[in-house]
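S.K.: Sequence plus the predicted model coming up.
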Amino acid sequence: MADARKGDLVQIHKIILKSDQRPDTLPQDTKSLPYESWIKGFLLNEEGTMGDEVRIESLIGREISGTLVSVQPAYDHSFGLPQKELLSIGRELRKK
Amino acid sequence: MKDPGREMDTSYSTVMSRKNEILKRGTGIDYQEYETSRIAFDYEGLMASPQYSLMDVQRILKETGVGNTPLVELKNLTELVRSVSPPGKGCRIFIKDEAANPSGSFKDRRAGLSIHHAAKLGYTGVVAASSGNYGAAVASQAAKHGLKAIILQEVYDSRKVGQPEILEKTRACEAYGAEVWQLTVGPELFYIMLRVLEETSFFSASLYVPTSILGIETLGYELAQQALQQEGRFPDMVVITHAGGGNISGTARGLKKAGCHHTVVVGVSVDLRGLHMASDFDFNRKSFTTGHTGFGIPFLTLPDRTDVPRNCARGLRYLDRYVLISQGEVFYTTELLAKLEGMERGPAGNTSLAGAIALAREMDREQILVVQETEYTSAGKLPSSQLTFAKENGIEVRRGNPKENLPGKTIVIPESVGQVEVEDFDIAKIHYSYIENALKKANDYAPTEEDIQFLAEDSKSTIPYVRETIRALNGKK
C-alpha cells in the first residue's frame, strides 16, 4: 500500500554532492560524507511509497524531485527536560 | 519550475567559478564599480548605492511594524550587579527589547529593507542562507511584501540530528510560507545558494549587502534617541552580540548618526574556541549556533569571507573592545532575566546581556549601559531544551566556576552573579591578522598610500601601526 497520496505534505531527501565532489579544504570527518538535503512539499505523484523517487511542489510552488523519506513530517523539538542546574537559580536569587 | 541545475553544469568548481555573475544579478550590485585596488574599496560609496537615507529606512521598516521597540531599564538586575561591584560601581543596565519585532528579533530590521528593495527592483522572490533568526525574518518580510522565499539552513549532522534551536527556525520559516532546504554540515551552503539563485533569478538577501546594514542603523539610532529622551544622556556603553559583524557595524553607524561620538562599542561572542565550524563531529557539540567565536574572530580578521564580493558588515571598523563569555554564563543570565525582570527571552540574544553583567561592574553607578537586543523564545530556543540536547550529545553540564567551561566538553553554569566575567580578546592580535590576511589576499601586491589609509580605517587602527605591521610582515617573508 502507498504511504502517501497526491497532495499530502511529505519530505524528500536529496544528495547534493557525493563525498568525492566536495571541496578538499573540508575537515576529514566532513569530507568523507555526502552533502545532503531535506525539503518539504506536497506530493505531485498520484501516490508514493517510502524510498520512491517522487516529485513535490514546495511551499512556494516550485517542483522538486527526490526520495520520499517522510509523510506528514512533524516538528518534534521541545522545551526539553527540567534541568537541575537551572532550576535552583530563581530560588537562590530570592534568598538574597 | 525545474529542479536547480538540471541542465547547466552544476559541479562544485563550475558553479563557484560563476559566482561573480550570479551575485551581480542576485544583488543588483556591480561590486567591481567600488573596487579601488587589490586591497581597498569604496565602502561608503557601496553603502550609499541603494540610495536610502536613515529616515527613508525608518519609514520603510515602520510600514511592516519593524522597529520602535522599547528600551527597558533592568532595575532588579542592576541592583544584583551592584551587590557584587566595588563601591561607586555598577552602572544602570538597559535592554532594547528587539523580541517585539514581527518575527521576534532585530533581524527584521536587517531583512526589512533588503526585501523592500528586492520588491522595488522587481525580483519575484528572495534567497537567504541562515539557520538562525535571519531566515525567519526574511521569510516573514517576504510574506509581507508578497515575495517568495527560499531559506537554506545548515541543520543536521550525518546522523540527521539537529540542534533544537535550528529545528525551531525551520518551523518558523515554514510557518511564514518559505521553502526550506535543510542541509548537512558544510560550507557548501554557499554553493547551493548560488545554484538556487541561478535557477530562480531571485534576489540574494545576503546578510552582508548594504541594505542589510542600513536596516540595522535604525537600531543604533533609535536606542540613542530613546536614552536621550528617557534619561537625558546618550549611552556610555553599548554592548552587542558579535558574529558576522553586521550587528556591530549597523548599530555603531546608527549611534554615530544620532550624535553618539563617545559611546564605547563592545562586541561579545560566546567562546567556542577549539571547535571546528565545518566539522560534522563538532557541529552538535555546541549549544550556540551564532554569536560565537567561530564566526566572530574570522569575520573580524577577514571580513570579506562572505557570500558577496565585499562585506558591508565590517565589525572591526567600529569595535572599541571585544570580549568573550562562556555558554554556561549565557544560560545563567537567561535565567536571571526571566526570574528578576519577568522577561523570558531566547538565550542566543542574551549573549550581550551576559557580557554586560560583567562590564557593568567596571562602570560608574550613574553611567548607562545598553544591551541592544533580545530575541523571542520558544520550544528549542530555551536553556532547558538546549541543555537537554547538550547532555544527549555527551556534554557535561554542571554548576561551578564558569572559567572551567570547555567548548565541546563542559558547560559550567555559574553559582553566583559575581562569577560572570568576560575575557578580553586582544584587539591588537586581530589588527595584525586583519592586515596579514588583507595582504595575503592581494597576493604579492605592494600596498599604496591609499591602501594603507584604507587598512587603518577598516581596522580602526592607525596609519603608523599599519605601516609598521606591513614592515614586520615583509620581514617575516
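M.R.: Nice, thanks for sending it over. Residues are numbered from 1 along each chain as shown, chains lettered A, B, ... in the order given.
S.K.: Which SSE is immediately downstream of the helix ranked longest in chain B?
M.R.: In chain B, assigned by DSSP state H, the helix with the most residues is helix B:210-231. Scanning forward in sequence from helix B:210-231 by DSSP states H and E, the next helix or strand is strand B:237-241.
S.K.: what sits against the closest residue to chain B within chain A?
M.R.: Across chain A, the shortest distance to chain B (Cβ to the nearest Cβ) belongs to residue A:80, at 3.4 Å. The C-beta positions use only the backbone N, C-alpha and C, and glycine is treated the same way. Neighbour list for residue A:80: B:164, B:382, B:384, B:385, B:386, B:387, B:388, B:389 [criterion: Cβ atoms under 8 Å, 6 or more residues apart in numbering or on different chains].
S.K.: shouldn't the first one be in contact with residue A:76?
M.R.: No - here residue B:164 does not reach residue A:76: they are 9.5 Å apart, not a contact under Cβ atoms under 8 Å.
S.K.: out of those two, which sits in the busier spot?
M.R.: Legend: neighbour count by other Cβ atoms under 10 Å in any protein chain shown for residue B:164 and residue A:76, higher for residue B:164 (23 against 9).
S.K.: before we move on, back to that, ok, the residue of chain A closest to chain B to residue B:392 distance?
M.R.: Residue A:80 sits 10 Å away from residue B:392, going by Cβ to Cβ, to the nearest Å.
S.K.: And for residue B:297?
M.R.: 28 Å.
S.K.: who has more neighbours, the two?
M.R.: Comparing residue B:297 with residue B:392 by neighbour count (other Cβ under 10 Å), the higher total belongs to residue B:297, at 20 against 12.
S.K.: show me the contacts for that one.
M.R.: B:269, B:273, B:425, B:430.
S.K.: Now residue B:266: phi and psi?
M.R.: Backbone torsions for residue B:266, taken as degrees, to the nearest 10, come to phi -120, psi 130.
S.K.: doesn't residue B:237 make contact with it?
M.R.: Yes - contact criterion Cβ under 8 Å: residue B:266 and residue B:237 qualify, at 6.1 Å.
S.K.: Now do the shared contacts for the two.
M.R.: residue B:359.
S.K.: any idea how far residue B:192 is from the most centrally placed residue in chain A?
M.R.: Against the mean C-alpha coordinate of chain A, by Cα atoms, centre = their mean, the closest residue is residue A:38 at 4.8 Å. Separation of residue A:38 from residue B:192 (Cβ to Cβ): 13 Å.
S.K.: same question, residue B:416
M.R.: 46 Å.
S.K.: neighbour-wise, which of these two wins?
M.R.: residue B:192 (24 against 16).
S.K.: pretty sure that one is touching residue A:37, no?
M.R.: Yes - look at residue B:192 against residue A:37 with Cβ under 8 Å: they come within range, at 7.4 Å.
S.K.: shared neighbours, those two?
M.R.: In contact with both residue B:192 and residue A:37: A:16, B:181, B:183, using Cβ under 8 Å, 6+ apart.
S.K.: residues near the closest residue to the first one other than its chain neighbours, how many?
M.R.: In other words, residue A:16. What sits nearest to residue A:16 in space, not counting adjacent residues and going by Cβ to Cβ, 6 or more residues apart in numbering or on different chains, is residue A:35, at 4.7 Å. By other Cβ under 10 Å, 25 other residues sit near residue A:35.
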